[in-house]
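Q: no FASTA, just this:
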Ligand SMILES: Nc1ncnc2c1ncn2[C@@H]1O[C@H](COP(=O)(O)OP(=O)(O)OP(=O)(O)O)[C@@H](O)[C@H]1O
Ligand SMILES: [Mg+2]
């Protein structure tokens, strides 16, 4: 099947009945160029001006490496947590009708709407050692505010809607009949969920994961309040960029931005490849 | 496996979808549930499967009370109207699913599962398509995958909800014949839902006619067509005409005029007959009126006759010989040869 497809002569796209392909593609490319590619090219050009040696020296600076590690690891953990709880949240919203369901549904979108700084300050107030939640955690020896754990919590709050909103519509589409079919064939709840429902959601979950991850890596406003910004411990890369800018150290700022961009791009590319594979594997494409 | 449905009542939010339905299904029978939309066919089928729980009443599988068993425990094969195939699994994986989810102790070895899946696909004439995904199949092929998948668990009972509903007329006919052969070969107790009466009459050993959450009649095709026991069944199955009549002193009158028919019981009634069960009567009592429309239908002609007073005319369609004078405006007189009164 796959070999037959690749053997067929490559062309732009299957002939479509919908006109305007040329026009819309042209528009899309121009648009992406203006708002994404040109700024990124400027960034690339700037860091190229540094030369390889300086670039390498700047990104291997201990503080930079520390910040990158904090940024990527917290974003990754938060995205994984969001996948789990986002899927559960989507499940509850799709499958159960309970009083206040619409309100819960609306609350999911709040992190999209409120200024991230507000979210950050609110979370800090809650999780600070004398805060509403923090005062319970401190006696247990758990410190949230001013640690990487605080960053993870902020990123979880910010990233949740991405997973819920990408998974929810696909879950809605999986008909109740499919679940009933699995049950009538003798599958228990566990088997139904893990062998029938979740595999069908994999492409959507990956999309949600990628969005939450990307957002987490770039997040600034909500993190800087709760993180405490201790170099090597809870200082995120975007903050370090701002610090370098304030020190008029444009070379450093550019180098950190560029390496973040490269790592992010590679990660998103990888997710996209896995996704393309899973879409095919799970029968979404003819 | 015999199935006995005993005084089942099913309410959805206090709205009764089924009222006190009782039905005996013999082992190895092919039964059709036939009725208009919303009459409760799917609900009854789902209750038998265990996909719904009855509000009242019981369901027996053989001598065993299955009323509160879950769908997993009932071991029924259920084919859904929209197939409900697992889109992320190949055809072979779909068919094998019921075997692969069995507890380890009862699960056949992998090679055996695969062999069984391929055998079933062969039986539904889909050999060679086992590696495809459901969305690479036609509707009729998906339908047969769904059937093979349901058969894989060796169910005692096969339940199908409008199995051919989404298919075109030709494929439908083919699959209909195929299902009948399949049933005769495997000897399962099979219940299928349809709202296509032709399908029900042609395919089933017995037809269950339902209306508004009740069973109107259960019987062979001949029973429900030739001996309908209610006005609903008479008008739902096949073509029919009905007229308001009164019975007085054993004679049937229509709009005060004798019709030449006689009956036992006096009172107001409705007279039902089929278009082909009439004979033209040139003299004597009968139904007389002008022809308002006529059309050729294969070997016969259908004439629409206006009866009764001009204030409240009744139109009936009857079959007339091709050579009868039945052009528009000509007056026809006829008498039903087979008919039934409902008081
Ligand atoms: N889950 C449900 N909740 C509420 N009402 C329901 C539900 N399922 C069915 N009903 C109602 O029960 C009645 C019988 O429905 P059912 O699906 O059994 O009809 P049907 O004979 O299969 O019709 P169709 O030919 O349209 O499929 C309908 O009036 C329907 O609205
Ligand atoms: Mg139905």
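A: Noted; the coordinates are in hand. Bear in mind that the values here come from a model prediction, so they are computed numbers and not experimental data. Ligands and ions are numbered 1, 2, ... in the order given.

Q: what about residue B:218, which SS state?
A: strand (DSSP: H, G, I helix; E, B strand; the rest coil).

Q: mind listing what's buried in the longest helix along chain B?
A: In chain B, assigned by DSSP state H, the helix with the most residues is helix B:169-186. By neighbour count on 16 or more other C-beta atoms under 10 Å in any protein chain shown, the buried set for helix B:169-186 is B:171, B:172, B:175, B:176, B:179, B:180, B:182, B:183. In short, each C-beta sits where N, CA and C put it, glycine included.

Q: leaving out the residues flanking it, which one is nearest to the third one?
A: Right, residue B:175. residue B:164 (5.5 Å; C-beta to C-beta, 6 or more residues apart in numbering or on different chains).

Q: show me which residues of the host helix or strand of residue B:232 are buried.
A: Taking DSSP states H and E as the definition, one finds residue B:232 inside helix B:231-236. Applying a neighbour-count criterion of 16+ other C-beta under 10 Å, one finds B:231, B:232, B:233, B:234, B:236 buried in helix B:231-236.

Q: any idea which of these is closest to residue A:267?
A: Nearest to residue A:267 among the buried residues of helix B:231-236, counting by C-beta to C-beta, is residue B:236 at 63.3 Å.

Q: that closest one touches residue B:209, doesn't it?
A: Yes: between residue B:236 and residue B:209 a contact is recorded at 6.6 Å, counting by C-beta atoms under 8 Å.

Q: please enumerate the shared neighbours of those two.
A: Shared contacts of residue B:236 and residue B:209, defined by C-beta atoms under 8 Å, 6 or more residues apart in numbering or on different chains, are found at B:35, B:216.

Q: before we move on, back to that, so what touches the following helix or strand past the helix holding residue B:232?
A: On the C-terminal side of helix B:231-236, the nearest following helix or strand under DSSP H and E is strand B:241-248. For strand B:241-248, contacts defined as C-beta under 8 Å, 6+ apart pick out B:231, B:234-235, B:252-254, B:259, B:263, B:265-275, B:287, B:307-308, B:314, B:316-318, B:341.

Q: in its sheet, what does strand B:241-248 sit against?
A: strand B:251-254 (antiparallel), strand B:267-273 (antiparallel) (DSSP bridges).

Q: buried ones in that strand?
A: B:241, B:242, B:243, B:245, B:247.

Q: for the residues you listed, give me CSV that also has distance to residue B:187 and pLDDT.
A: Below are the buried residues of strand B:241-248 laid out as CSV (distance: C-beta to C-beta, whole Å; pLDDT from 0 to 100):
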residue, distance to residue B:187, pLDDT
B:241, 41, 89
B:242, 41, 88
B:243, 46, 89
B:245, 47, 89
B:247, 48, 89
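
Q: reformat these as TSV; add distance to residue A:152.
A: Formatted as TSV, those follow (distance: C-beta to C-beta, whole Å):
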residue	distance to residue A:152
B:241	77
B:242	75
B:243	80
B:245	83
B:247	86
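
Q: returning to that earlier point: mind checking which of the strands paired with strand B:241-248 is nearest residue A:58?
A: strand B:267-273 (94.7 Å).

Q: next SSE after that closest one?
A: By DSSP H and E, the next helix or strand past strand B:267-273 is strand B:278-280.

Q: what helices or strands is that following strand leaning on?
A: Applying 3 or more C-beta pairs under 8 Å, 6 or more residues apart in numbering or on different chains; DSSP states H and E, we find strand B:278-280 packed against strand B:314-320, strand B:331-336.

Q: nearest to chain A, of these?
A: strand B:314-320 (40.4 Å; C-beta to the nearest C-beta).

Q: what residues of the closest one count as buried?
A: Applying 16+ other C-beta under 10 Å to strand B:314-320 flags B:314, B:316, B:317, B:318, B:319, B:320 as buried.

Q: who does the fourth one form a beta bridge with?
A: This means residue B:318. Here residue B:318, judged by DSSP bridges, has bridge partners residue B:303.

Q: could I get the contacting residues of it?
A: Applying C-beta under 8 Å, 6+ apart, the residues near residue B:318 are B:241, B:275, B:278, B:302, B:303, B:305, B:332, B:334.

Q: ditto for the second one
A: Taking C-beta under 8 Å, 6+ apart as the criterion, residue B:316 is in contact with B:241, B:243, B:275, B:287, B:304, B:305, B:307.

Q: so which of these wins on neighbours?
A: Most neighbours among the contacts of residue B:316, by other C-beta atoms under 10 Å in any protein chain shown: residue B:287, with 28 neighbours.

Q: my read is the residue nearest to residue B:175 is in a helix, agree?
A: No: according to three-state DSSP, the state of residue B:164 is coil, so it is not within a helix.

Q: that one contacts residue B:177, doesn't it?
A: No: counting by C-beta under 8 Å, residue B:164 does not reach residue B:177; the two are 11.2 Å apart.

Q: which parts of the stretch 101-250 of chain A are helices?
A: Here the stretch 101-250 of chain A has its helices, by DSSP state H, counting those that start in this stretch, at A:101-108, A:110-113, A:116-127, A:134-137, A:148-173, A:176-184, A:189-191, A:198-218, A:221-227, A:237-246, A:250-281.

Q: nearest to residue B:195, of these?
A: Closest among the helices of the stretch 101-250 of chain A, using C-beta to C-beta: helix A:176-184, at 18.5 Å.
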